[in-house]
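Q: got a predicted structure here, sequence first:
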Amino acid sequence: MELCGGATSISWANSLTPSHHFPQPLAVWRVRQTRLLSVTSSIAKQADEMIVSVTGATGFIGKRLVQRLLADDHRVRVLTRSRSKALSVFPARDYPGIKIAEEAEWRNCIQGSTAVVNLAGMPISTRWSPEIKKEIKDSRIKVTSKVVDLINSTQDDLRPKVLVSATAVGYYGTSETRVFNEESPSGNDYLAEVCREWEAAALRVNQDVRLARIRIGVVLGKEGGALAKMIPLFMMFAGGPLGSGKQWFSWIHVDDLVSLIYEALSNPSYKGVINGTSPNPVRLSEMCDHLGSVLDRPSWLPVPEVALKAVLGEGACVVLEGQKVVPTRAKELGFSFKYPYIKQALKSIMS
């Protein structure tokens, strides 16, 4: 495992054997030029390298982000509350270049990082009790506050320059008729309250740190999120819309979300609120029809609202209510969605 603040080495090109086709001075010049180009390239690569500390790295989105950063030769520091869980997700034999740090080590990892990505938060698709609702809120606000406090207390020359902090489209509340963009006001339900306090914690970060708040929609991928729970139902011929099916489904392919976060790390234009959703939200019934088509299974068995409420209680609102959210800011910034349409995204995931 990498130690925080570890030294970086410069690799030199192997010497070239002079060819008898050239005079010796020209051959020597070519060797020196090759070495110079190699060193220049190595220095340029180091200048572009990011050191990114990530909370929530063991989750569905976080794992994909870590893999993308490592694939592009950046350095990653996983900020976790459980080293054993982090090691089970990122075993040392497969991820030799990352640093795994429990809470007592977070300060040392944040110091000297280029950026911090904050993705921590308890899943909300569960039965809500007063205790669970408190944990849903605290898991987001406490971690965000801790990260911000650590960034703010770091001396200027070691302070990260960027904080990308997750939030959610629940900020806007729910509606079957309204369209929400980054300028829309917050809603007045429980999830909107959670998102407001979550974002408020991030907004306390030092003003010299560029802050991007990504309001994330329903993330689609085979390894996690809502889709992973829906696929088995369809495969058993028991899939269909939840409730009326008229509720809006503001979704994003996990690869597009990872690319959006990645861009926010490196592009100084990415700041403020950015909706992490596809440009083409759909109603849930349409999404289920496309999923059934891709899986070659019928989407004919709707799940009654009363059944969902019996299982999930108040938490059923997560799937029974929705909002039509559009990524106005991402489009203004020129972000290119690889999967702008739901059927295309589902085919990619299931292929």
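A: Sure thing, it's come through.

Q: hey, C-alpha coordinates of the strand or helix carrying L163 in CSV?
A: Under the criterion of DSSP states H and E, L163 resides in strand 162-168. Taking Å, rounded to 0.1, in the frame of the first residue of the first chain, the C-alpha atoms of strand 162-168 are listed here in CSV:
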residue,chain,number,x,y,z
VAL,A,162,-11.1,20.8,-5.1
LEU,A,163,-14.0,19.3,-3.2
VAL,A,164,-16.5,17.3,-5.2
SER,A,165,-19.4,16.6,-2.8
ALA,A,166,-22.3,14.3,-3.6
THR,A,167,-25.9,15.3,-2.9
ALA,A,168,-29.1,14.1,-4.5
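
Q: which SSE is immediately downstream of that strand?
A: With secondary structure assigned by DSSP H and E, strand 162-168 is succeeded by strand 179-180.

Q: can you give me the offset of that following strand from its chain's centre?
A: Distance, stretch centre to chain centre, for strand 179-180: 22 Å (CA atoms, centre = their mean, to the nearest Å).

Q: ok, stretch 244-253 next?
A: Relative to the centre of its chain, stretch 244-253 is centred 20 Å away, using CA atoms, centre = their mean.

Q: next, the distance between the ends of that stretch.
A: Using CA to CA, to the nearest Å, the end-to-end distance of stretch 244-253 comes to 24 Å.

Q: and for stretch 211-224?
A: 27 Å.

Q: for stretch 54-61, same thing?
A: Terminal-residue distance, stretch 54-61 (CA to CA): 11 Å.

Q: and the residue nearest to V179 when sequence neighbours are not counted, what is it in contact with?
A: When the adjacent residues along the chain are set aside, V179 lies closest to K324, with 5.0 Å between them (CB to CB, 6 or more residues apart in numbering). C-betas here are computed from N, CA, C, even on glycine. By CB atoms under 8 Å, 6 or more residues apart in numbering, the contact list for K324 reads 175, 178-180, 248, 250, 281.

Q: 7 Å - rerun?
A: 178-180, 248, 250, 281 (CB atoms under 7 Å, 6 or more residues apart in numbering).

Q: I'd like those residues laid out as JSON lines, including pLDDT, neighbour count and distance to S139.
A: Formatted as JSON lines, the contacts of K324 follow (pLDDT from 0 to 100; neighbours: other CB atoms under 10 Å; distance: CB to CB, whole Å):
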{"residue": "R178", "pLDDT": "97", "neighbour count": "14", "distance to S139": "29"}
{"residue": "V179", "pLDDT": "98", "neighbour count": "14", "distance to S139": "30"}
{"residue": "F180", "pLDDT": "98", "neighbour count": "26", "distance to S139": "24"}
{"residue": "W248", "pLDDT": "95", "neighbour count": "24", "distance to S139": "26"}
{"residue": "S250", "pLDDT": "96", "neighbour count": "24", "distance to S139": "22"}
{"residue": "P281", "pLDDT": "98", "neighbour count": "25", "distance to S139": "27"}
